[in-house]
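Asks: sequence below, structure please.
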Amino acid sequence: MNNATTNMKASLFSHLEEFAVLRPYFSFSAVRLALGKSPLAAKPALLREYLSEAMAKEVAHDAGRGWYSSLKTPAALDAEATAPLRVALAKRFPFLPHYVWSTRQVNPWMHHLLGKFVQFVQVESGCEDDVAAFLRNEGWIVIVNPTAKSAKDFSPGERCVVIRGIRRPFDPATEPRVETVLVDLMLENSRLRLMDEGERQEMSRKLLTTHRVEIASLLARLGKHRLDLAGLIGTETKPIIGEI
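Replies: The predicted model follows:
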């Protein structure tokens, strides 16, 4: 390795360490900007190669599609929180595209722990009534596609299930992702008032700053609903994804 290559790598790694101190997520374009007039900034293919090496050495971590993170530990949802409902649906509807999540799964990042939980079944639009009939027969308390107006009929509890019909394409083999749940919860809280909005924002902010998510997927998901990161976390986004 010649001196020029060594110097370029050293400069890159120095900037990555600087990013790590200032914020948990940073983009490829932010890295190029930080490099300024360095020859590496003008060589995107080589920069990506060096960034891959940086991830292998755990100087940075993958945060999805052109994004990187200083956070080593990925966020993960507790699958046990939804296991009974997931198993029941998988047995009865093995080929029906759907996924299940619960407000209980965000409890690790809540300042005030939730005492009553709600589970959500996101199912291919048009199949809600069949799923609801089955679950009611199994003893679940089910409400289908509730709105803000019908929130008065909604009462969180251990056996409470909300069914939502969705038209957007999704992969039931990979859902629910943490990024999906953060956005789904933001949407549901505006309709059903599941928790104090400030606490939901604080939870989202804590999750994003203590555990790594695929920030690229999160931003894309927010964009599809015409939402933004500032609304998700309730504060300016610069400390999380700003530029140097």
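
Asks: pLDDT score for the nearest residue to residue 191 once chain neighbours are set aside?
Replies: The shortest distance from residue 191 to any non-neighbouring residue, by CB to CB, 6 or more residues apart in numbering, is to residue 148 (5.0 Å). For glycine as for every other residue, the C-beta is placed from the backbone atoms N, C-alpha and C. If you check residue 148, the pLDDT there is 84.

Asks: ok, residue 244 next?
Replies: Reported pLDDT for residue 244: 43.

Asks: all strands of the protein, in order?
Replies: Secondary structure of the chain, counting by DSSP state E: strands at 25-27, 61-62, 67-69, 98-102, 119-124, 141-144, 160-166.

Asks: what pairs with the third one, parallel or antiparallel?
Replies: Right, strand 67-69. Strand 67-69 has the following strand partners under DSSP bridges: strand 25-27 (antiparallel), strand 61-62 (antiparallel).

Asks: same list, these, but as a markdown table with mean pLDDT please.
Replies: Listed next are those as a markdown table, based on pLDDT from 0 to 100:
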| stretch | mean pLDDT |
| --- | --- |
| strand 25-27 | 92 |
| strand 61-62 | 94 |
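
Asks: out of those strands, deepest packed?
Replies: strand 25-27 (a mean of 25; mean count of other CB atoms under 10 Å).

Asks: helices of the protein, start to end?
Replies: Along the chain, counting by DSSP state H, helices occupy 3-22, 28-35, 44-56, 83-92, 128-137, 178-192, 197-210, 215-224, 229-233, 238-241.

Asks: would you format those as CSV with mean pLDDT included?
Replies: Formatted as CSV, those follow (pLDDT from 0 to 100):
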stretch, mean pLDDT
helix 3-22, 77
helix 28-35, 87
helix 44-56, 90
helix 83-92, 96
helix 128-137, 96
helix 178-192, 96
helix 197-210, 96
helix 215-224, 95
helix 229-233, 95
helix 238-241, 81
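
Asks: out of the ones you listed, the one nearest residue 107 is which?
Replies: helix 197-210 (8.8 Å; CB to CB).

Asks: other residues contacting the closest one?
Replies: Residues outside helix 197-210 that contact it (CB atoms under 8 Å, 6 or more residues apart in numbering): 24-25, 71, 73, 75, 106, 109-112, 178, 182, 185-186, 189-190, 194, 213, 215, 232-235, 240.
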